[in-house]
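Give me a 3D structure for the following:
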Amino acid sequence: FTPPTPTLQVTAPGGGESWARNSAQQIQWNSSNLEGNVRIEVSLNGGTSWTVLALSSANDGVEDWTVPDSPSSQALVRISAVNGTAQDQ
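This is a model prediction of the structure:
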């Protein structure tokens, strides 16, 4: 018996969005076969460095976020399982 592979997929932002500085937005994701919490991170420099938004958040598919006052055309969001079994950006 092989247990199902855990998966995560960021669904919002999906790429190409233009979010106003200091605006309230939602980061959204789908997961399957994943137990436990997720870590949510953002990069404003194309993934060179990451800032933790939530170290351990409920895996409920949504996290409210206020866009920083730092414009970037290279912003990325990364969601990963706290237990290290799955990740998507």
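
Can you give me the first-to-last residue distance of stretch 13-32?
End-to-end distance of stretch 13-32 (Cα to Cα, to the nearest Å): 19 Å.

Can you tell me what sits against that stretch?
The contact list for stretch 13-32, computed with Cβ atoms under 8 Å, 6 or more residues apart in numbering, reads 4, 6-12, 38, 40, 53, 59, 61-71, 75, 77, 79, 86, 88. C-beta here means a position set from N, CA and C on the backbone, and glycine is covered the same way.

Buried residues, that stretch. List them.
For stretch 13-32, a neighbour-count test (16 or more other Cβ atoms under 10 Å) marks 13, 27-29, 31 as buried.

which stretches of this protein aren't confidently modelled?
Of all residues in the chain, none has pLDDT under 70.

need the strands for it, in chain order.
Assigned by DSSP state E, the chain shows strands spanning 7-12, 24-32, 38-43, 51-57, 62-66, 76-81, 87-88.

quick one on the thing from earlier: may I see the ChimeraX selection of the buried members of the contacts of stretch 13-32?
Restricted to buried positions by 16+ other Cβ under 10 Å, the ChimeraX selection for the contacts of stretch 13-32 reads:
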select :6,8,10,38,40,53,59,63,65,67,75,77,79,86
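
that older thread, and the buried residues of stretch 13-32, which is closest to L44?
Of all the buried residues of stretch 13-32, L44 sits closest to P13, with 12.8 Å by Cβ to Cβ.

Isn't A81 up against N33?
No - under the criterion of Cβ atoms under 8 Å, A81 is not in contact with N33, lying 10.3 Å apart.

Appreciated, that's everything.
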